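predicted structure and sequence below. I'll ask about it afterward.
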Amino acid sequence: MVGSKSLVKRNRGALSWFLQRITALYLFVFLIAHFVIMHFVGTGEVTYETVAPRLSSPLWKAGDLLFLVFALYHGLNGLWQVLEDYTKSRGLRLFLYSLILTIGIILLVVGTVTIFSVKG
């Protein structure tokens with residue numbers, strides 16, 4: 001039984017490691033695309049009036065929502081991994097995990113409301 005528990009924990013760590021790399025790759029590609037679109041494809045000054053029509057399209061909303069989810073996962077998972085390495089107390093670890101999860105949910109709700117409130 002001890003071997004199966006360590007295998008489950010090892011697989012969970014591998015999935016977390018893999019998702020951390022996938023989200024990093026997506027974030028990198030998205031940020032490069034954002035930079036190119038804003039500074040080379042876009043015309044004129046960057047103001048709300050010039051950006052709002054683009055942000056109100058369903059494709060941009062989906063991309064921004066995906067960016068929000070991936071950025072939150074990537075950042076909070078990285079924070080959790082660091083805290084898990086240095087926190088020995090189970091109670092403190094549970095508290096910190098709950099705090100990170102709560103912050104993540106709040107940021108996801110606020111970000112989603114913000115993304116869907118932009119009108120062109």
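Happy to help now that I have it. Numbers count the residues shown, from 1 in each chain.

where does residue 67 fall, phi/psi-wise?
phi -60, psi -40 (degrees, to the nearest 10).

list the residues that contact it.
26, 27, 30 (C-beta atoms under 8 Å, 6 or more residues apart in numbering). C-beta: built from backbone N, CA, C; applies to glycine.

state the distance from the spatially most central residue of the chain to residue 107.
By C-alpha atoms, centre = their mean, the mean C-alpha position of the chain lies nearest to residue 71, the distance being 2.0 Å. According to C-beta to C-beta, to the nearest Å, residue 71 stands 9 Å off from residue 107.

what do you get for residue 68?
In terms of C-beta to C-beta, residue 68 sits 8 Å off from residue 107.

tell me where the model's unsure across this structure.
Along the chain, segments meeting pLDDT under 70 span 1-12, 43, 120.

how many neighbours does residue 119 have?
8 (other C-beta atoms under 10 Å).

residue 70 too?
When neighbours are counted by other C-beta under 10 Å, residue 70 comes out with 18.

in the helix or strand containing it, what counts as buried?
According to DSSP states H and E, residue 70 maps onto helix 58-86. Residues 60, 63-64, 67-74, 77, 80 are the ones in helix 58-86 that count as buried (16 or more other C-beta atoms under 10 Å).

of those, which is the nearest to residue 111?
Closest to residue 111 out of the buried residues of helix 58-86 is residue 68 (4.4 Å), distances taken as C-beta to C-beta.

nearest spatial neighbour of the closest one, skipping sequence neighbours?
Nearest residue to residue 68 in three dimensions, chain neighbours excluded: residue 111, at 4.4 Å (C-beta to C-beta, 6 or more residues apart in numbering).
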